[in-house]
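Asker: The following comprises the amino acid sequence and a computationally predicted model.
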There are 2 protein chains.
Amino acid sequence: MKLNIAILPGDGIGPEVTNQAIKALKAIASEFNHNFKFTTADVGAVAIDKHNDALPEKTLELCKKSDAILFGAIGDPKYDNDPSAKVRPEQGLLKLRKELGLYANIRPVKAYKTLLDKSPLKKHIIQGTDISIYRELTGGIYFGEKHTSEDGDYASDLCGYSREEIERIAHLAFVAAENRSHKVTLVDKANVLETSRLWRRVVKEVAQQYPDVTLDFLFVDNAAMQMILNPKQFDVILTENMFGDIISDEASVIGGSIGLLASASVGDKYAMFEPIHGSYPQAANKGIANPIASILSAAMLLSHFELHNEAELIRLAVEKSLKLNITTPDINSVVNTVTTSNVGDFIEDFIYNPK
Amino acid sequence: MKLNIAILPGDGIGPEVTNQAIKALKAIASEFNHNFKFTTADVGAVAIDKHNDALPEKTLELCKKSDAILFGAIGDPKYDNDPSAKVRPEQGLLKLRKELGLYANIRPVKAYKTLLDKSPLKKHIIQGTDISIYRELTGGIYFGEKHTSEDGDYASDLCGYSREEIERIAHLAFVAAENRSHKVTLVDKANVLETSRLWRRVVKEVAQQYPDVTLDFLFVDNAAMQMILNPKQFDVILTENMFGDIISDEASVIGGSIGLLASASVGDKYAMFEPIHGSYPQAANKGIANPIASILSAAMLLSHFELHNEAELIRLAVEKSLKLNITTPDINSVVNTVTTSNVGDFIEDFIYNPK
Ligand SMILES: [Mg+2]
Ligand SMILES: [Mg+2]
């Protein structure tokens, strides 16, 4: 298969982890006779520094003519902690999602057997957890109208949702549930928010087209609690943008490390794959960043194009690296000298020589 | 001391747990020669059913002429799951907080020694956790303008904050930190939300008046993760309304049971005390509701009026009940026959006869 893949490494640890994912993809291309072409472009703080724009036009164009995008991470404390900053790194990611119509963020949450002991949660709580979180990505309060009064003493953000925005991701979630454990949990705050009541109304309607999927509801504050008390109760979680941001980051602790979690952002035309971790600037260029989330994002990319054997081989390589403790210090309690590229090298080698 | 205490039992398990708190307060009044007068009024679903109003005028009047309010719980699934309902039980609580100017919700989160094993989190993670969450309670998206389009296909909620709303609770949080471990963590989403950037700006200014308190910042999605990874890092958490709702319910699992957690809602004139758990309608009238949160809310009420010995006696009684397994089934792994009123009776007896 011929695939044009746009590489957007971004900030902090983004470049170094993305490099390991590229190594894995190149090995896959070589072993399976695919033709993957990689083109790199700037996004985030690095793009602001170079072009004064978190998402330069050239980067957006590249994405639009590519088959898929592999994204690193975004964000720099020099902008986050400056309330007066006019251009923000995160705007790059938000705008990209909006421009490409990537309305659904999909995050698998699994408890890896070899890492059960590393979670802050007790083993019996997390064992067997297998959740897929469908987070709406282009609506809600992150994209609503923002306002600050002239004297700077009042600010507001608007959270808005339309029926269409809810319907399209609801269908994705129900289709996913049909191929999993047939359960969708809508996380909302319908006892207080008007937007949540719209979500509930629309999702109930959509549910009628999937009679073999059970739909239930959970208020977001209760969901934040249930995710710790009993994560196994969840199959597919469907939720709006900000609730999904909070709940999926919370759920990330189940696996023992946020450094393991991949995600896909899909729309009707484009698809982007990225680790859920941030740019983690304190760890940049130290060789300690965990590249597995980025490598598993590459696997999700392959699955997206129905290259299932290829994706499976990457996942096998990752599981092997976990088993052999060829992992970065964040999840390695045996040796703390394994670097980001050591992990990438091992996975690359395994792909060439699976055993 | 003479205290007029308004009792608002509300819905579900509200009445039965509040009754146990009243028993404790009556015992305290008798032992310490106080004059507590209790007057009961309707709020929530029960008030809608009787008066078609979640907060009848009579109830509000009673609260305004009382010294303090002891609140039960609110909410009924028959209203929650009906998106067309015009009057909602939660409106009663929201309106009450607004009318009484209860702008700060204070929630202590502690890991009780005798319950360390009951938490879904590992012992070494939670041991020693001692957090006080200051949640803004009358602003933000729960109170912002709500809108649904005529065709019902678009909905919005507005999140707004003013400098004053932020300043007054920030001062409470910093004063609390001065008497604790001298650290305030502001939880926000300043990389995306305009309101969060206002919070950050104002809280930084307020912080300058408390030079011996350290201020740090955490994005809400990261905070949801850190609360599980390392809750001991927190001293005072300061945050806006909805983030506080989510984070404090999440934090409630640390103690092993949400049935243990009390809270205070304070303003410049009034103060209300309530368990953080909801109305839990499935458990109502079965004798299985845990009354400890309501009883500890009564202790917070006593502390509020500087009746520290009285409050301490209630807390001692609670700790004793935990130690002796005189607790409801939710936290009792030894016997599952202890009822709500058994717990209340034990605590009442202990107050009359501490040993
Ligand atoms: Mg996040
Ligand atoms: Mg809540």
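Answerer: That came in fine, so what should we check first? Residues are numbered from 1 along each chain as shown, chains lettered A, B, ... in the order given. Ligands and ions are numbered 1, 2, ... in the order given.
Asker: Just the CA atoms of stretch A:183-203, as CSV, please.
Answerer: Extracted C-alpha coordinates of stretch A:183-203, given in CSV (Å, rounded to 0.1, in the frame of the first residue of the first chain):
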residue,chain,number,x,y,z
LYS,A,183,-22.7,-1.3,25.9
VAL,A,184,-22.5,2.5,25.5
THR,A,185,-22.3,4.8,28.6
LEU,A,186,-23.1,8.4,27.9
VAL,A,187,-21.2,10.7,30.4
ASP,A,188,-22.9,14.1,30.8
LYS,A,189,-24.3,16.5,33.4
ALA,A,190,-27.9,16.4,32.3
ASN,A,191,-29.2,17.4,35.7
VAL,A,192,-27.7,20.9,35.3
LEU,A,193,-26.6,21.6,31.7
GLU,A,194,-28.8,22.3,28.7
THR,A,195,-26.1,20.9,26.3
SER,A,196,-26.1,17.7,28.3
ARG,A,197,-29.8,17.3,28.0
LEU,A,198,-29.5,17.8,24.2
TRP,A,199,-26.8,15.0,24.2
ARG,A,200,-29.1,12.7,26.1
ARG,A,201,-32.0,13.3,23.8
VAL,A,202,-30.1,12.8,20.6
VAL,A,203,-28.1,9.8,21.9
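Asker: dump the residue contacts of residue A:270.
Answerer: Contacts for residue A:270 were tallied using Cβ atoms under 8 Å, 6 or more residues apart in numbering or on different chains; they are A:63-64, A:68-69, A:100-102. Just so you know, the C-beta spots here come from the backbone N, C-alpha and C atoms, and that holds for glycine as well.
Asker: If we use 10 Å, what do you get?
Answerer: A:6, A:63-64, A:66-69, A:96-97, A:99-102 (Cβ atoms under 10 Å, 6 or more residues apart in numbering or on different chains).
Asker: Check residue A:258 too.
Answerer: Residue A:258 neighbours (Cβ under 10 Å, 6+ apart): A:249, A:251-252, A:275-278, A:280, A:290, A:293, A:330, B:222, B:225, B:229.
Asker: next one: residue A:8
Answerer: When contacts are counted by Cβ under 10 Å, 6+ apart, residue A:8 touches A:14-15, A:18, A:39-44, A:46-47, A:55, A:59, A:62-63, A:66, A:69-74, A:92-93, A:96, A:272, A:274.
Asker: what subset of the residues you listed is also close to chain B?
Answerer: Filtering the contacts of residue A:8 for proximity to chain B by Cβ under 10 Å from any Cβ of the partner chain leaves residue A:74.
Asker: Please pick the buried ones from the contacts of residue A:8.
Answerer: A:14-15, A:18, A:41-44, A:46-47, A:55, A:59, A:62-63, A:66, A:69-74, A:92-93, A:96, A:272, A:274 (16 or more other Cβ atoms under 10 Å in any protein chain shown).
Asker: tell me which parts of the stretch 151-300 of chain A are close to ligand 1?
Answerer: Contacts of the stretch 151-300 of chain A with ligand 1, taken as Cβ under 5 Å from the ion, map to A:245, A:249.
Asker: show me where the stretch 151-300 of chain A has strands.
Answerer: Using DSSP state E, counting those that start in this stretch, the strands of the stretch 151-300 of chain A run over residues A:154-162, A:183-188, A:214-219, A:236-239, A:262-266, A:271-275.
Asker: Helix or strand: which one has the nearest residue to residue A:345 once chain neighbours are set aside?
Answerer: Spatial nearest neighbour of residue A:345, chain neighbours left out: residue A:23 (7.5 Å); criterion: Cβ to Cβ, 6 or more residues apart in numbering or on different chains. Under the criterion of DSSP states H and E, residue A:23 resides in helix A:14-32.
Asker: Check residue A:326 too.
Answerer: Going by DSSP H and E, residue A:326 is not part of any helix or strand.
Asker: Let me see the domain layout of chain A.
Answerer: A:1-102+A:267-355, A:106-265 (automatic domain parsing).
Asker: Could you point out which of those sits nearest residue B:286?
Answerer: Proximity to residue B:286, assessed across those by Cβ to Cβ, is greatest for domain A:106-265 (19.9 Å).
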